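Colleague: got a structure for you, letters missing:
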C-alpha cells in the first residue's frame, strides 16, 4: 500500500495533473448540480476529449468529476427539490424539508460533511483493501442482492409517520412502474402499448424530476409569484461537534454499507443511498421523523452515495468489472488508453493506480474546501422571485429529462409525473416510496427470478445462502415485530396506557 | 374552481383501483404469460402481484374514505388558477417542442408563461427570458453537445444559425 501511495504521489503531484484535478472538481460540481447533466454523462462526453491526455491525467480528471458530481447533485436537491443527479434523490426527502423549515445552511452543511466523510472513507477503503473488497463483493450473487433490496423495500414501506397505508400503496405503485418495458429475462413486452420508448421502461430520471421538481414548481407558482423565496445568502454550516457525535452511528453505518453496495457490480450509488436511508430509519429510535427534515435523513444517503461511488472503483480497477455506469465509462477510458484493468494492473502500473486512489481522496477533501464557495455562487443564480424560479425549474427539468435519451416522450413523462406528484402530494400520498420502488423495482424482480432460475425453481435458495438468509431473517423480523407489539398492547391495555 | 379536497381521498384510490384492475387484466395477455417458465416465474408474475396489492390497498383506502375515517389531508391553494395555467402551458410546451424547436419555443414560452401566472416585475421577466434561455442554449447544445429539438421548417433553419 505504501508503495502505491509513494508512486502515486510522484505521478499525481505535477502542475499539469493537479490543474486537471482542480478542473475536474469544478466540472463535477457544476455537472452534478445541473439537473439532466450527471457525472456519468459528463465523464462520457469528456471521454473522446481525453485521448489527447496521457492515461493518468485522463483518469485523474474523470475521477475528480465522478467524486464531486455525486455530492453536488445534493445542492439542488436540498435547495430546490430538484436532484441534480439520481444519486441525490434520497437526499431530497429530508434535505428539502429542512430548507422549507428555513434551515438550508444546515441541510447543505450536513450534505457536504456527510459526502466528504463517505467519499473519503470510500477512497481510503479503496486504497487499503481494493483486491480484498472486490473478492467480498463477488460473494454477492442474485439471492443476496434480492435480499438486500427486499430489506430496503420493507424498511421504506414500513417506516415513517403519516399514513402508512398510502406509503405502502405508493411503494407498490413504484414497483409496478418498474415492470413497464421489455422483460429482460424472456423478452416479453409489458405494458408498452406499441410505444417504442416504453420498451426501455419508465426511466427514473424523468420520474424523479417530475415527481419531485415539477410538482414543487406547480406548488411554487400557486403562491405569491413575485416574492423571493430563499434567504439572501446561502452559506454552508458544517455540523457542530455535538451533532457529528450524535450522527456518528449513521456515518459509521452508511459508509461501509455504501462501499459494499458500490462494489457490487451493476448496483450503484443511487441504490446505496436509498438502502442507507432505509437502514438509518430502521435503526433510528424515531423512524417517524424521517422525511420531516432531520439530519440523519441527509447524512445517511449522502455518506452512502459518496462511499458507493468510491466503492464502485474497487472492482473496476482490481477485477475489470465496473460497479456503476460512470465506472463503466472510466473502464472504457482505461482500456482505450492501452491499460488492462485487473489484479495485474496493481503490479504493472502502481503509479497509475496510486494516482487514481490519491485523486479520489483529494477530490473528496476538496468537496469540503471548495463547495461552500461554489454553493454561494451557484445559489445566487436562484435568488429570484418564485414565479421565475418555478419557470426555471420547469425548463431545467424538461431539458434534463429530454437530455437523458433525446426523446420527446421523456418530456411528456416529466410533465405527467409532475402533475401526478402534485395531486398525490396534495393528498399526503408520499412520493419517496414511488421513486424508491421505481429505482429498485427492476433489480428486485430480475434478481428474484435469476435466483430461482439458478436454483432450478427452488425458493429455498434464499434461505440456504447464509448472507441472504440473514438479511431476509432481519427483514421478516422488521415485519413481524410491530405486529407482535400491537398484539401485546391489545392484550395488556394497562401497559399501553 | 374544482377543489379536490375530500373528494380526492376517494377519487385517488378509486383511480388506482381502476387502473390497476385494467393492468391486472392486461398482464394475462403478455406473450408467454401462460407458459410456465422453466425453473422460475414468468414475466406476468410480478405485475400481477403488484396490481393485486395496489387494488387491495386502494379498496382499503376507499373503505376508510366512505366510512369517513380518512383524515382530510389536502392543502389549501392560494392561487389555484395557476395550477390549470401551468398544466395547460406544460402540455402546450410538450406538444410544440418538436414543431417549433427548443431555441424558438423556450424564450417565448418562458415570457408568456410568467406573464400568465401573474409575474409583473418587468426586469425579472425580460432578464429571466433572455439570460436563462441563453444559458440553456450555451450549456446544453454548445458546451455539452446535447442535441435539443430543432423543430421543423423555418424553425429548424433558425436553430442551425445558433447551434
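Modeller: Sure thing, it's come through. Here the structure is a predicted model, which is why all the values come from computation and not from measurement. Numbering: from 1, shown residues only, chains lettered A, B, ... in the order given.
Colleague: And residue B:147, how close does it get to residue A:210?
Modeller: Between residue B:147 and residue A:210 the computed distance is 22 Å (CB to CB, to the nearest Å). In short, each C-beta sits where N, CA and C put it, glycine included.
Colleague: Give me the mean pLDDT for stretch A:304-324.
Modeller: Here stretch A:304-324 scores 81 as its mean pLDDT.
Colleague: What ranges does the stretch 251-400 of chain A have for its helices?
Modeller: Assigned by DSSP state H, counting those that start in this stretch, the helices in the stretch 251-400 of chain A fall at A:268-283, A:295-311, A:313-318, A:325-336, A:343-348, A:350-381, A:386-405.
Colleague: tell me the most buried of those helices?
Modeller: helix A:295-311 (a mean of 35; mean count of other CB atoms under 10 Å in any protein chain shown).
Colleague: for that helix, packing partners?
Modeller: helix A:55-80, helix A:89-100, helix A:104-138, helix A:241-263, helix A:268-283, helix A:350-381 (3 or more CB pairs under 8 Å, 6 or more residues apart in numbering or on different chains; DSSP states H and E).
Colleague: same for the last one, what does it pack against?
Modeller: Taking 3+ CB pairs under 8 Å, 6+ apart as contact, the helices and strands that helix A:350-381 lies on are helix A:2-12, helix A:15-33, helix A:55-80, helix A:104-138, helix A:295-311, helix A:313-318, helix A:343-348.
Colleague: Can you tell me which of those is most buried?
Modeller: helix A:295-311 (a mean of 35).
Colleague: how much does that one deviate in direction from helix A:350-381?
Modeller: Helix A:295-311 and helix A:350-381 are oriented at 140 degrees to each other (axes from the mean of the first three to the mean of the last three CA atoms, to 10 degrees).
Colleague: ok, residue A:455 to residue B:44 distance?
Modeller: Distance from residue A:455 to residue B:44, by CB to CB: 21 Å.
Colleague: Of those two, which one has the most company?
Modeller: residue B:44 (25 against 18; other CB atoms under 10 Å in any protein chain shown).
Colleague: give the contact list for that one.
Modeller: For residue B:44, the contacting residues are A:190, B:27, B:28, B:30, B:33, by CB atoms under 8 Å, 6 or more residues apart in numbering or on different chains.
Colleague: Residue A:219 too?
Modeller: Residue A:219 touches A:422, A:425, counting by CB under 8 Å, 6+ apart.
Colleague: Can you classify it by secondary structure?
Modeller: helix (DSSP: H, G, I helix; E, B strand; the rest coil).
Colleague: Just to be sure, residue A:417 is in a helix?
Modeller: Yes: the assignment for residue A:417 by three-state DSSP puts it in a helix.
Colleague: Where does the stretch 251-400 of chain A get nearest to chain B, which residue?
Modeller: Across the stretch 251-400 of chain A, the shortest distance to chain B (CB to the nearest CB) belongs to residue A:387, at 4.1 Å.
Colleague: Surely that residue and residue B:118 touch.
Modeller: Yes: counting by CB atoms under 8 Å, residue B:118 is a contact partner of residue A:387 at 6.9 Å.
Colleague: Local confidence estimate at residue 20?
Modeller: In the absence of a named chain, chain A is used. At residue A:20, pLDDT is 93.
Colleague: look at chain B instead
Modeller: If you check residue B:20, the pLDDT there is 96.
Colleague: which residues touch it?
Modeller: A:176, B:50, B:51, B:52, B:54, B:55, B:58.
Colleague: Can you flag which of those residues belong to helices?
Modeller: A:176, B:50, B:51, B:52, B:54, B:55, B:58 (DSSP state H).
Colleague: confidence score at residue A:181?
Modeller: Looking at residue A:181, the pLDDT reads 92.
Colleague: right, I mislabeled it, should have said residue A:94
Modeller: pLDDT, read off for residue A:94, is 91.
Colleague: ok, it - how many residues close by?
Modeller: Other residues near residue A:94 come to 29 when the count uses other CB under 10 Å.
Colleague: now it: how far from residue A:111?
Modeller: 10 Å.
Colleague: again with residue A:384
Modeller: Per CB to CB, residue A:384 is found 22 Å from residue A:111.
Colleague: Report the buried members of the contacts of residue B:20.
Modeller: Neighbour counting with 16 or more other CB atoms under 10 Å in any protein chain shown marks A:176, B:50, B:51, B:54, B:55, B:58 as buried within these.
Colleague: Give me the domain ranges for chain B.
Modeller: B:5-66, B:81-162 (automatic domain parsing).
Colleague: Could you point out which of those domains sits nearest residue A:203?
Modeller: Residue A:203 lies closest to domain B:81-162 among the domains of chain B, at 15.6 Å (CB to CB).
Colleague: any weak-confidence spans in the stretch 301-450 of chain A?
Modeller: For the stretch 301-450 of chain A, the stretches with pLDDT under 70 are A:322-325, A:343, A:379-383.
Colleague: Let me know the secondary structure of the closest residue to residue B:121 other than its chain neighbours.
Modeller: Computed as CB to CB, 6 or more residues apart in numbering or on different chains, the closest residue to residue B:121 that is not its neighbour in sequence is residue A:226, at 5.5 Å. The three-state assignment at residue A:226 reads coil, by three-state DSSP.
Colleague: And residue A:238, by the same measure?
Modeller: coil.
Colleague: So which other helices or strands are in contact with the helix or strand hosting residue A:420?
Modeller: Per DSSP states H and E: residue A:420 is located in helix A:408-426. Counting contacts by 3+ CB pairs under 8 Å, 6+ apart, helix A:408-426 is packed against helix A:204-208, helix A:215-221, helix A:386-405, helix B:5-27, helix B:81-100.
Colleague: Turn those into CSV, columns for distance to residue A:18.
Modeller: Listed next are the helices and strands packed on helix A:408-426 as CSV, based on distance: least, CB to CB, whole Å:
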stretch, distance to residue A:18
helix A:204-208, 33
helix A:215-221, 39
helix A:386-405, 31
helix B:5-27, 55
helix B:81-100, 43
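Colleague: how about those, which one is nearest residue A:252?
Modeller: Using CB to CB, the helices and strands packed on helix A:408-426 put helix A:204-208 closest to residue A:252, at 28.3 Å.
Colleague: Would you mind pulling the contact partners of that closest one?
Modeller: Helix A:204-208 is contacted by residues A:36, A:83, A:86, A:89, A:177, A:400-401, A:404, A:410-411, A:413-414, A:417, A:434-435, A:438-439 when judged by CB under 8 Å, 6+ apart.
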